[in-house]
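In: Sequence and predicted structure, then a few things I'm wondering about:
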Amino acid sequence: MKLRLRSAFGLLLLTILCATVIAQTSRGTLTGTVTDSTGAVVALGTVRGHLMIDLHPSSAKLRDRAVRVLAELTGCDYGSARHQLEASDWNLRSVIDRTKG
């Protein structure tokens, strides 16, 4: 009886482990592709700290976000940040690169 219980437990454990590995592999988390793509985004300079700077502000909501991101990263006020973005045709990355030097 104990042997049967051990075998059943071992089979259950093996099934759970295999299912977890298959699920992780299909999402790319086990192979490191998710981490690698995030690292690539950081390496390309599309984020500064915790803020994404390669955004294309095509709506009022995104333009407001771009202004707030610029104001936070450069320490300028909202109006000044908006003026700089309007002058650069809303290219957040170029304004940040230009002001950070």
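Out: Cool, the structure landed.
In: contacts, neighbours, all on C-alpha from now
Out: OK.
In: any idea which helix or strand comes after the lowest-mean-pLDDT helix or strand in the chain?
Out: Within the chain, confidence by mean pLDDT, DSSP states H and E is lowest for helix 33-43 among all helices and strands, at a mean of 55. Along the chain past helix 33-43, the next helix or strand (assigned with DSSP states H and E) turns out to be strand 47-48.
In: Determine the set of other helices and strands touching the following helix or strand past that next one.
Out: Following the chain from strand 47-48 toward its C-terminal end, the next helix or strand by DSSP H and E is strand 51-52. Other elements packing on strand 51-52 under the criterion 3 or more CA pairs under 8 Å, 6 or more residues apart in numbering; DSSP states H and E are absent; no helix or strand qualifies.
In: Domain map for this structure?
Out: Each structural domain of the chain that the record assigns through automatic domain parsing is listed here as a residue range: 1-36, 45-101.
In: Least confident of these, on average?
Out: Out of the domains of the chain, the stretch the model trusts least by mean pLDDT is domain 1-36, with a mean of 55.
In: residues touching residue 84, list them.
Out: Contacts here follow CA atoms under 8 Å, 6 or more residues apart in numbering; on that basis residue 84 touches residue 95.
In: I'd like to know how far it sits from residue 98.
Out: When distances are taken as CA to CA, to the nearest Å, residue 84 and residue 98 turn out to be 10 Å apart.
In: Any buried residues in stretch 60-68, and which?
Out: Of all the residues in stretch 60-68, those buried under the rule 16 or more other CA atoms under 10 Å are 63, 66, 67, 68.
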